[in-house]
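Novice: fold the following and give me the result.
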Amino acid sequence: MTGLPAMHEVRTTCPYCGVGCGVLATTDGERITAVRGDPDHPANRGRLCTKGSTLHLTTTPYGRALSPELRDGRDRSVPRRRSSWDEVLDALVDRFATTIAAHGPDSVGFYLSGQLLTEDYYVFNKLAKGLIGTNNVDTNSRLCMSSAVAGYKATLGADAPPACYDDLDHAELVLIAGSNMAWAHPVLYRRLEDARAKNPLLRVVCIDPRRTETARAADMHLPILPGTDVALFNAVLHWLLWEDAVDGHYIARHTEGFAELKLLVRDCSPAWAARVCGVDESQIIAFAGLWKQSKATLSLYCQGLNQSASGTEKNAALINLHLATAQIGKPGAGPFSLTGQPNAMGGREVGGLANLLPGHREVVNAVHRAEVARLWGVDSLPSVPGKSAIELFDAVRRREIKLLWIACTNPAQSLPDLRAVASAFANADCVIVQEAFRTTESARLADVLLPATTWGEKHGTVTNSERRITHVNAVLPPPGEARHDWDIVVDFARRLERRLGRARPDRVTLFPYEGPEAIFMEHRETTRGRDLDITGLDYALLDASGPQQWPLREGDSTGAARLYVDGAFPTESGRARFRLTPYRAVVEPVDARYPFALTTGRLRDQWHGMSRTGRVPQLFGHEPEPMLSMNGADIARRGLVAGEVVRVNSRRGELLIRLAASDDVRSGQCYVPMHWGTLTLAAGGSHGINALTVPAFDPVSKQPELKHTAVRIERANLSWSLVAFAYVGPRDPVAIRDALREVMRSLGDGDAGDRASTTLAHSQQLFASTTLIGNERPGVVLRLSAQRAPERSRLEQIDRILGLAGSATLAYDDARRHLSRRVHVDDGRLVGVRLAGDLAAEAWMRDFFLSGASVIELRQRLLAGSAAAPLGFKPRGRVVCNCFNVTESEIAEFSATAQGDAATRLASLQAAKRCGSNCGSCLPELRTMVASAVVAA
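Specialist: Residues are numbered from 1 along each chain as shown. From the prediction side, this is the model:
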């Protein structure tokens, strides 16, 4: 930082989805004050989504892990204590050495993250497989990308997406399968919108059980039943064969196995698929007709295909269509898996999965093991694949794996069947969590906490969905005693190397790195001659010429935008392989006991477990609280009411959550976002959404079926409720949220004064959620429902935390009816509200709270608790545009009175309100709302 101006910009990347957006971060050397999209980065061309554009707001100090912490002994009731790096690393070396000596190298395991940089991944992999001698290294990429990897390898021969983002500009047909791309990959979706604007003939087909924002904007939406993708793709191939619309010349010259596949799909008619998929036969034929007509078809797909016990077959069935029609290796065409994390691909490049070695090599391949052993300078490598994610935690639960090291991920929130995961944490001899945030579910359970750097502090490389490598620069130095992930691993590895007596006279250490560039150069050498060869790449080239796609071999000036343009594939025969893809139903079908199909997905403005996005109040504006979406007809049939708390049961666990009516969900189905864990669902005993989900996994990819669970939904019968919202500045809202969460977790203990009362929380007779609120002013929302009102002392505790306990707060109490209200007004504006026992006034009071409108004239009404809003009050509704705080009601009112067609009205709306003119994440929804207004007019 020396010599830099007081305010300057640093090039880095966005740490969210796999689009790999470039970011320019403004810093004064001590904090990051602003971010903007890097106009020179080819992935995003200056654009950022709503999450990326608020990155600087996530860098607040509260909750950061700033020093090592160590628990003495195995008693989990004893809190961790602050430690030094020397003490904690020496203690870990002792535990690893003694455990390996007693139980062998496979008694330890590592669980990593697609958010690590490539250099971090590389040294973790080398530590486990090269030094310790175990392949028990897996990653949360197993939860999002392993089926896509298995599909590519089974058909095309390598884990290499053959297309690129520029193909959106050349496609005639774009298929979006199992992805709400408008929300999950919004920057890339905006490139699709641009392509549609330039080419009115471009057609978009969306395959998704829900009517998502992506589905609404598509030319055709196929709302197939969950898990039936293979049946659909096989039926399309059946129809193409019937119509003689496959490319026989390409099949003969560049593929193998087509005859066997033809026999398989012979009985997969559109009529059969219509019955299986729950859509009209005519829709399937219409989709197949679009595929037949298109000269350039690009398929974009994500978790809807991947997170399935038949995920490999889903991916392969779609790739079969591309191969049969030669829709690959040319502009505008190809099967393109969208990566869910910023560096899931970089992790796979270095072999960061239990079955992989660096350079896209396989653990089971003796030649590959010998090559890597020679490169690393070790005698041999273990030959048996290690435990994949689900298997890894099962082995910890069974006490086969004694020591578990988790880095930069939160399995206590993200894995399926969280009760079993909690048992694994409890049964481990030692759980090490290497993490930037000490408040995550996994960090709270750790025996050892190693403070690591995070976005804005790290230096290295990442690889995005289109195989493009970017050099990531640090904006700020590490805070406190936090260290870079690679640095922690290298320090530990050197100490363990000495303890195990692995030093050799021809080298000082297996880990001779003084910085990430040295690690990158060794990684680069492992790719020489491989499909991902990057021997022509180094940090200097990335800095001088910008991000580059692989392969980029020594002597090449640029990488390859598209793969397989010559029809040659990295298989033994040089041909692509058609894979037999029989249809298999979901692992857990609905039945009389569990009659609803639960699907999961992403929100527009949150990401994964919310340890980062959950720190930004404005990112809660679009979807403020945890909700389960259910078809309105199903709600009515069961006598339920939107807004009430329901009990959701699966064969593994139970969840209490509020109910929302949505016609975007088909009857017999329900939907819940994947993000809600115990950071927001605060009741004692709650494990979050994944307490319900299925741990069964694909036999090839080992990816679990997170996308479908059979559930039962019933009224929770919680008769007493509370809601509170308050601005808490200058205090950190995340700290206030965490304090409220601790009160909720202990609520049962405080009510009856004996241990028996803990059943209120631990049997889940209590619902509580804690979220953030506000835009320029940060605030917190608490919602609580219970079978009975808590003691008054608990309400007073909540009031103190929210700043509603002073003499300036207006108060009303009716002890007999368990009614209580607190209202705090400052400078004529509502800054805090707590309603207990009767929430009738919540809607209009929340709107006054958020709008900042004067309530001076309403002072006499504020404690009345009336559901009737004040005269002239207009509800704001949900925030659609977070950048400019524009709400649903404002957009609807303007659109209804504007003139012209949809495009003209949208332009007028943006000129007047500015919504959609910054990050653009809200543009799909704006277009839908404006189009509805035009139809209504």
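Novice: and Leu175, bridged to which residues?
Specialist: Val205, Ser299 (DSSP bridges).
Novice: now for it: which residues touch it?
Specialist: Neighbouring residues of Leu175 by Cβ atoms under 8 Å, 6 or more residues apart in numbering: 204-205, 207, 297-301, 318. Any C-beta I mention is one placed from the backbone N, CA and C, and that applies to glycine too.
Novice: go again with 7 Å.
Specialist: Under the criterion of Cβ atoms under 7 Å, 6 or more residues apart in numbering, the neighbours of Leu175 are 205, 297, 299-300.
Novice: turn those residues into TSV, columns for distance to Leu117, pLDDT and neighbour count.
Specialist: Putting those into TSV (distance: Cβ to Cβ, whole Å; pLDDT from 0 to 100; neighbours: other Cβ atoms under 10 Å) gives the following:
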residue	distance to Leu117	pLDDT	neighbour count
Val205	36	98	22
Thr297	34	98	26
Ser299	29	98	28
Leu300	26	98	28
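Novice: looking at the residues you listed, which is nearest Ser442?
Specialist: Relative to Ser442, the closest of the contacts of Leu175 is Leu300; by Cβ to Cβ it sits at 31.3 Å.
Novice: would you confirm that the closest one contacts Leu338?
Specialist: Yes: judged on Cβ atoms under 7 Å, Leu300 makes contact with Leu338 at a distance of 5.7 Å.
Novice: anything in contact with each of the two?
Specialist: Common neighbours of Leu300 and Leu338 (Cβ under 7 Å, 6+ apart) are Ser179.
Novice: how about stretch 228-242: buried residues?
Specialist: Residues of stretch 228-242 classed as buried by neighbour count (16 or more other Cβ atoms under 10 Å): 228-241.
Novice: ok, now stretch 48-61?
Specialist: 48-60.
Novice: which stretches in the stretch 451-600 of the chain count as strands?
Specialist: With DSSP state E, counting those that start in this stretch, the ranges of strands along the stretch 451-600 of the chain come out as 460-463, 468-472, 548-549, 576-577, 596-601.
Novice: TSV for those, including mean neighbour count?
Specialist: Putting the strands of the stretch 451-600 of the chain into TSV (neighbours: other Cβ atoms under 10 Å) gives the following:
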stretch	mean neighbour count
strand 460-463	27
strand 468-472	25
strand 548-549	22
strand 576-577	25
strand 596-601	24
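Novice: using TSV, lay out those together with mean pLDDT.
Specialist: Formatted as TSV, the strands of the stretch 451-600 of the chain follow (pLDDT from 0 to 100):
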stretch	mean pLDDT
strand 460-463	98
strand 468-472	98
strand 548-549	98
strand 576-577	98
strand 596-601	98
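Novice: now do the contacts for Leu563.
Specialist: Neighbouring residues of Leu563 by Cβ under 7 Å, 6+ apart: 160, 162, 329.
Novice: now the residue nearest the centre of the chain: how far from Val384?
Specialist: Of all residues in the chain, the one closest to the mean position by Cα atoms, centre = their mean is His608, 3.2 Å from it. Taking Cβ to Cβ, to the nearest Å as the measure, His608 falls 31 Å from Val384.
Novice: rewinding a little: okay, the contacts of Leu563 in a markdown table with secondary structure next?
Specialist: Shown next, in a markdown table, are those (DSSP: H, G, I helix; E, B strand; the rest coil):
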| residue | secondary structure |
| --- | --- |
| Ala160 | coil |
| Pro162 | coil |
| Gly329 | coil |
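Novice: any idea which of those residues has the most stuff around it?
Specialist: Neighbour tally across the contacts of Leu563 (other Cβ atoms under 10 Å): the maximum, 25 neighbours, falls on Pro162.
Novice: just checking, that one touches Gly334?
Specialist: Yes: using Cβ under 7 Å, Pro162 is in contact with Gly334, at 4.5 Å.
Novice: who are the contact partners of the spatially closest residue to Val879 that is not a sequence neighbour?
Specialist: Nearest non-adjacent residue to Val879, counting by Cβ to Cβ, 6 or more residues apart in numbering: Gly621, 3.2 Å away. Gly621 is in contact with 775, 879, 882, counting by Cβ under 7 Å, 6+ apart.
Novice: for this protein, what helix or strand is lowest in average pLDDT?
Specialist: helix 759-762 (a mean of 36; mean pLDDT, DSSP states H and E).
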